[in-house]
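K.L.:
Have a look; sequence and predicted model below, questions after that.
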Amino acid sequence: MLMVPQNLALNIRTVRERIARAAAGCGRSVDSVTLLAVSKTHPVDLIRAAAQEGLEHFGESYVQEALPKIETLRGLELTWHFVGQLQGNKTKAVAEAFHWVHGVDRLRIARRLSEQRPFHAPPLNVCLQVNVAGESTKGGVEPKDLPALARDVAALPRIALRGLMCIPPPQDDPARQRHWFRETARLLRTLQVPGTTLDTLSMGMSDDLEVAIEEGATIVRVGTALFGPRPQTAKDR
């Protein structure tokens, strides 16, 4: 029987307070920032306990792990975000089960999501992942290719292009970390034209959410600060 950590409620309260302080410090409403609890590799009972503490948005990276969780917790009406690297053979399951996809960086993947999104469901919210630091080990569209990809994705049916997502490299220098968040925010502004729904910046995690919020993050993806270290699990297959 799973024992929910006694400090879960404290962790959630602490993260919420961090978000509120960061938002207030830069003149923003706390309601302008969504706390996305990254629940990948954590069990259903822990997610249910977090939902009982008021969390509504949960992020998963492994499709085969996520689908049973989503089905089991369907009655809670949670909002599910896919935050991992999406493979072409998993797009149908993601298009059917999730509300958001954060890591789209190829038109082929976006087209499959559009084609496979059920017609009875609302449009699938999508964020394009930008490789702001040019890291060869990470996914993401290069900034120079972003305008064309955004244009093509925005034109797809059953898709709502909402904004950008980034995973910048860890930095010991806070100013350097701020640079990557600021650059992602700048890139979003270049795409914002009348009639678009580009209102989302998915950036910032447990260690750097304050800086991300100061630079405009509207979604912060927090796992460790809420749930502690992730348990070891098999890779999604």
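P.N.:
Yes, it's here.

K.L.:
can you tell me how far Ser32 sits from Ala24?
P.N.:
Noted for Ser32: a distance of 11 Å to Ala24, by C-beta to C-beta, to the nearest Å. In short, each C-beta sits where N, CA and C put it, glycine included.

K.L.:
again but with Asn11, I slipped
P.N.:
According to C-beta to C-beta, Asn11 and Ala24 sit 21 Å apart.

K.L.:
and what of Ser61?
P.N.:
Remark: distance between Ser61 and Ala24 (C-beta to C-beta) = 31 Å.

K.L.:
and what of Ile159?
P.N.:
Here Ile159 is placed at a distance of 34 Å from Ala24 (C-beta to C-beta).

K.L.:
Which strands or helices does the helix or strand bottoming out on mean pLDDT in the chain pack on?
P.N.:
Using mean pLDDT, DSSP states H and E, the weakest-scoring helix or strand in the chain turns out to be helix 174-191, at a mean of 91. When contacts are defined as 3 or more C-beta pairs under 8 Å, 6 or more residues apart in numbering; DSSP states H and E, helix 174-191 packs onto helix 146-154, strand 159-165, strand 200-202, helix 209-214.

K.L.:
what helices or strands is the last one leaning on?
P.N.:
Same thing as helix 209-214. Packed next to helix 209-214, using 3+ C-beta pairs under 8 Å, 6+ apart, are helix 8-25, helix 174-191, strand 219-222.

K.L.:
Pick the most buried one from these.
P.N.:
The highest mean neighbour count among the helices and strands packed on helix 209-214, using mean count of other C-beta atoms under 10 Å, belongs to strand 219-222: a mean of 25.

K.L.:
End to end on stretch 81-90, go ahead and measure it.
P.N.:
Start and end residues of stretch 81-90 are separated by 14 Å (C-alpha to C-alpha, to the nearest Å).

K.L.:
From the chain's centre, how far out is it? Work that out for me.
P.N.:
12 Å (C-alpha atoms, centre = their mean, to the nearest Å).

K.L.:
strands paired with the helix or strand where His81 lies, and their directions?
P.N.:
Taking DSSP states H and E as the definition, His81 sits inside strand 79-82. Strand 79-82 has its sheet partners listed here by DSSP bridges as strand 57-60 (parallel), strand 100-104 (parallel).

K.L.:
which stretches of this protein have low pLDDT?
P.N.:
1-5, 231-237 (pLDDT under 70).

K.L.:
ok, Leu209 touching Val220?
P.N.:
Yes - between Leu209 and Val220 there is a contact under C-beta atoms under 8 Å: 4.4 Å.

K.L.:
can you list residues touching both of the two?
P.N.:
Residues touching both Leu209 and Val220 by C-beta atoms under 8 Å, 6 or more residues apart in numbering: Ile19.

K.L.:
list the contacts for the nearest residue to Ala95 once chain neighbours are set aside?
P.N.:
Counting by C-beta to C-beta, 6 or more residues apart in numbering, Gln116 is the residue found nearest to Ala95 once chain neighbours are left out, at 4.0 Å. By C-beta under 8 Å, 6+ apart, the contact set of Gln116 is 91-92, 95-96.
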